[in-house]
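> Structure for this input, please:
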Amino acid sequence: MCDEEHDCGTHPELGPDTSDEDPKLCPKGLKCKWNEAACGEGLMCLPIAKFCDGHGDCPGNSDEWDFCQNYTAACTRLQCIYGCKPTPNGAQCYCPEGNKPDGNKCEDADECELDETCAQLCTNTIGSYKCSCVSGYQANGTQCRAVNVPASEPPSLIFSTQSEIKRVTLDGKPFPGNSTLRLLNSNALEFIHRNHTICYIHHNVTKASMMCANINDLSQRWQLQAKSSVLEVDSIQQIALDWISENWYFLDDQRDVILVCTHNLEWCNMLIDTDLWKPRALALDPTNGYMFFTKWGHSTPMLERCKLDGSDRTPLVSHTIIYPYGVAVDYPKKQVYWVDTYLDYIEKIDYDGKNRKTVLRGFKVRNLYGITVFENNIFVSSWRNNSVLQLNKYTHEEKTIVSNISRPYNVYVFHRQRQPDAAHPCKTSKICDHLCIPMWNGNRAIPKCACASGYVLDANNKCVVKTPSKFLLVSRSDPFSIRGIDLNTTSETMVPIAKIGQPKGLDFDAKTGSIFYADAHSMTIEMAPIANTSNHTILVKNVSCDGLAFDWILRNLYWTSMEKGSIKVVTLSNTSLVKTLIWNNTYNPGSIVLDPMRGQMYWAHWSSTTPENGRIDRAQMDGSYREVFLDHEVHWPTGLAMDPEGERLYWTDKHLKNIQSITIHRRYRRVETVAPLETAVGLAVGIGSQRLIYFLEMSKGAIMGYSDSTGLKKVYDSSNLNIYDVKLYDPDSQIGEIGCENTSCSYICLLKAYNQPICACSDGYQLKNDVCVKQDDFTAPSFCPPDNFQCLHKKHCVPFTYLCDGIDNCGDLSDESAEPGGPCENVSCTENQVKCDTTCIFKHWVCDGDKDCYDGSDEDPEVCNQLCPSDQFKCKNTRRCIPMVWRCDNVKDCGPDDDSDEMDCREYLNC
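Just a heads-up that it's a prediction; the model follows:
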């Protein structure tokens, strides 16, 4: 009660019940200006001079109550210099217009402290004030009228809904011309006033695209083709235009990133991709060089401000904010407005984070989405009643502009002063190779050249990709991407691999300059050249991959799968040739590393039930001679790395919180890190005398580096705790050549110990006279427990009890297949059952009114219209056959709306 929240709910007939916030019960919520006091019931403020003047001005004449009698003594004690009157809270001094009380004296009042004094600029004077307007507005007393270009064109509203984009006048009438564009789910919307254009994200059934249209004729549309590989249009929630540089800003709420792109979407940079969980709304003020955005994810909900290059991030609001949706900028007053759809607030704050104020709250502004500001009015889209509302900033007067529409999203006022002019080098000159970012130092305009992600500026101010011979490969999320990180500067060394689902395994091929990675979302293993990372090549489909390793000598790719308990290999010369080397459905192979010079592979295994029982296994690279390499004091190995020169294997142990190593001869085991680590996973080791170790510290969201000379240091910080894997791209680590030319192998050439290549066949084939021939009796390895069935296509495991039950548990119907070789081919039913489709149902389910067979054959009218057996009763309506003993047993067994089995039961009545 009296917490400024309406908690009593809504009456079905009378509407919202606000009695818990009744001003009579909560008088402290009313704040009066100087020279004013609250009426007796606390419902309004009244000038002090009007109290006890013989005229009732307050509700209930509460300004003329009994406190007006014999007040001379109280005012005499105050000794007010100008005037004194009694109020419900006692006698108070008041002053002439332009002054305010200071004790019993009067001093100059700064009217500019009050929002409603001037519409825009306010200058205080002794005893008065002066109002003025910023450029682009005409003064009219204390008000400012926005001047459009052309001046004769009236302002209009543009808003998007679930089903259309519409342009209307400020009083809600259709704007002349073709002003409606019908489409579905175009929640991202922006306009370009100087080009009379609107742009939006259009979603169709299969993909999304960025479209633009002529604001004067919305039927004239064209597409802005996304050329940058880091921009994914289908996950964009909000778009905003920097009208000075013509750069586009995109808020991607699925990948948790804010991007900036050139006007033609050719060059894009991921400006903000850390500490940005669930971003919601975005607004720009390029005339001051600021970007404002809201977020409400895992971290504290917040309204943030930063510069247009993403730097200088500053929280403006981080308390009493829960679900901020729309955000808008009042350019003349340098204020930011936002809506909180949980608290039902509209609030504002100055650019510098001062003077936070609640503009409106409660039922009137419940469930708002978008917001914009124009002159003295706020325009919002409301999900409470699917409307667009106009609210006066000062009087709070409400007006419905458009109603009875489908769910509204963004709302904008189409007017030049919503994209005001400003002189800036980014507007007129082409001084930057990729992106020109409008920056400011006070009133001085500064152009900042920026490059697309993966590029850096050279000495000639050109954007180039600088890929050193050695760098770190990092796979991460938010957004899902694979990046190259310079070992010294932490700058990016390649264009990120961005359009991927969830990267897991990671390795590289120095010979071709390519990167291998697994995408857990699409269940693929792919390859992308560093020089053209947007050119993805899918190598293997329908795979579950946890660890990835490349044999650079024979050019084979190995991967582990915890789900399948397997290790497989594919040859790059023919990616259709895949061979299963290791499989065990009680096995959890994770990280894998190869030693091709010795023909050995190592992989980590851990137990989900007994984490202290981890181990590292070893086998030759054809899967033979498998052995437990190390299991003593190995708990949860999560990353493996090999130093072939030092003949040493390294691993991280997440449970023991350290990094250890041992020689490949199982000697000289040692702990590499002195201090305990928090959540170390992933591992990369630099070869040579320096012996640099890189690993992921997941709890810190960082890549750490360690060496004997420098100790432990942070190499790369993502701040999002979302790095998956790290590899050291070092061509010197991939040395040695052994060809398969002498083996005459046109299939899969694999390495055994001592550099001996052998020829192998893919699954389902065997080698005969140097030729792979199909095995007629081949049974694919089952990766499921003994009491489970392995689905045909998706390879999932389902219990045998789920087979032939009429339910598609596999998702590919293979557990219900009655085809030759299918699990339901020879389904036999008991004497109390009948067979339908691939399953058995009880006989009394036949003709019971419910379709229990996929094909509905158990309710076939030709069958159900026949007579029931002599020992069964046929229901009248459902035509169901039920056992005769169920008749007249006081239980209705015939089904819905049929009680015929309990009718005419006299002959069954025994007294």
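
> need the helices for the stretch 301-450 of the chain, in chain order.
Listed from the start of the chain, the stretch 301-450 of the chain has helices (DSSP state H, counting those that start in this stretch) covering 425-428.

> for it, what are the low-confidence residue spans?
Within the stretch 301-450 of the chain, no stretch has pLDDT under 70.

> how close does Leu316 sit to Cys112?
Leu316 is 22 Å from Cys112, where distance means CB to CB, to the nearest Å. In this view, the C-beta of every residue, glycine as well, is placed from N, C-alpha and C.

> Counting neighbours, go ahead and name the busier of the two.
The neighbour comparison of Leu316 against Cys112 (other CB atoms under 10 Å) goes to Leu316, with 20 against 16.

> I'd say the more buried one and Trp338 touch.
No. Counting by CB atoms under 8 Å, Leu316 sits too far from Trp338 to count as a contact (9.3 Å).

> who touches both of those two?
Shared contacts of Leu316 and Trp338, defined by CB atoms under 8 Å, 6 or more residues apart in numbering, comprise Leu303.

> Spatially nearest residue to Leu391 (excluding sequence neighbours)?
Ile378 (4.6 Å; CB to CB, 6 or more residues apart in numbering).

> That neighbour reaches Lys364, doesn't it?
No. In this structure Ile378 lies outside contact range of Lys364 using CB under 8 Å: 11.5 Å.

> Next, show the common contact partners of those two.
Contacts common to Ile378 and Lys364, judged by CB under 8 Å, 6+ apart, are Leu391.

> higher neighbour count, the two?
Using other CB under 10 Å as the criterion, Ile378 and Lys364 rank with Ile378 on top: 24 against 17.

> From Arg879, how far off is the more buried one?
Distance from Ile378 to Arg879, by CB to CB: 65 Å.

> show me the contacts for Gly127.
Shown in contact with Gly127 (CB under 8 Å, 6+ apart): Pro96, Glu97, Gly98, Asn99, Asp108.

> hmm, 6 Å instead?
The contact partners of Gly127, by CB atoms under 6 Å, 6 or more residues apart in numbering, come to Gly98.

> what ranges do the helices span in the stretch 751-900 of the chain?
Applying DSSP H, counting those that start in this stretch to the stretch 751-900 of the chain gives helices spanning 861-864.

> those strands in it, which residues are they?
Applying DSSP state E, counting those that start in this stretch to the stretch 751-900 of the chain gives strands spanning 756-760, 765-768, 771-774, 788-790, 797-799, 833-836, 839-842, 872-874, 881-883.

> Now do the first one: which elements does it pack against?
Here strand 756-760 touches strand 748-752, going by 3 or more CB pairs under 6 Å, 6 or more residues apart in numbering; DSSP states H and E.

> Could you list the residues in contact with the strand it packs on?
Residues outside strand 748-752 that contact it (CB under 6 Å, 6+ apart) are 554, 571, 577, 579, 596, 599, 620-622, 740, 757-760.

> taking the mean pLDDT, what do you get for it?
Here strand 748-752 scores 90 as its mean pLDDT.

> repeat for stretch 33-45
For stretch 33-45, mean pLDDT rounds to 89.

> Please save the CA atoms from that stretch in CSV.
Written as CSV, here are the backbone C-alpha positions of stretch 33-45 (Å, rounded to 0.1, in the frame of the first residue of the first chain):
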residue,chain,number,x,y,z
LYS,A,33,6.4,23.6,-6.3
TRP,A,34,7.6,26.6,-4.3
ASN,A,35,4.9,29.0,-3.3
GLU,A,36,2.4,26.1,-3.4
ALA,A,37,1.0,23.7,-0.8
ALA,A,38,-1.1,20.5,-0.8
CYS,A,39,-4.8,20.7,-0.4
GLY,A,40,-6.4,19.2,2.7
GLU,A,41,-7.1,15.9,1.1
GLY,A,42,-3.7,15.8,-0.7
LEU,A,43,-5.3,15.6,-4.1
MET,A,44,-3.7,18.7,-5.7
CYS,A,45,-1.4,21.6,-5.1
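
> and Ala213, how many neighbours?
Around Ala213 there are 20 residues (other CB under 10 Å).

> Tell me how far the nearest residue to Asp330 once chain neighbours are set aside lies from Gln120.
The spatial neighbour of Asp330 that comes closest, neighbours along the chain excluded (CB to CB, 6+ apart), is Val373 at 4.6 Å. Distance from Val373 to Gln120, counting by CB to CB: 12 Å.

> Return the residues in contact with the most centrally placed residue in the chain.
Nearest to the mean C-alpha position of the chain, by CA atoms, centre = their mean, lies Gln254 at 2.8 Å. By CB under 6 Å, 6+ apart, the contact list for Gln254 reads Ser235.

> Can you tell me the SS state at it?
coil (DSSP: H, G, I helix; E, B strand; the rest coil).

> For Pro279, see how far away it is.
Distance of Gln254 to Pro279, computed by CB to CB: 10 Å.

> shared neighbours, the two?
The contact sets of Gln254 and Pro279 do not overlap (CB under 6 Å, 6+ apart).
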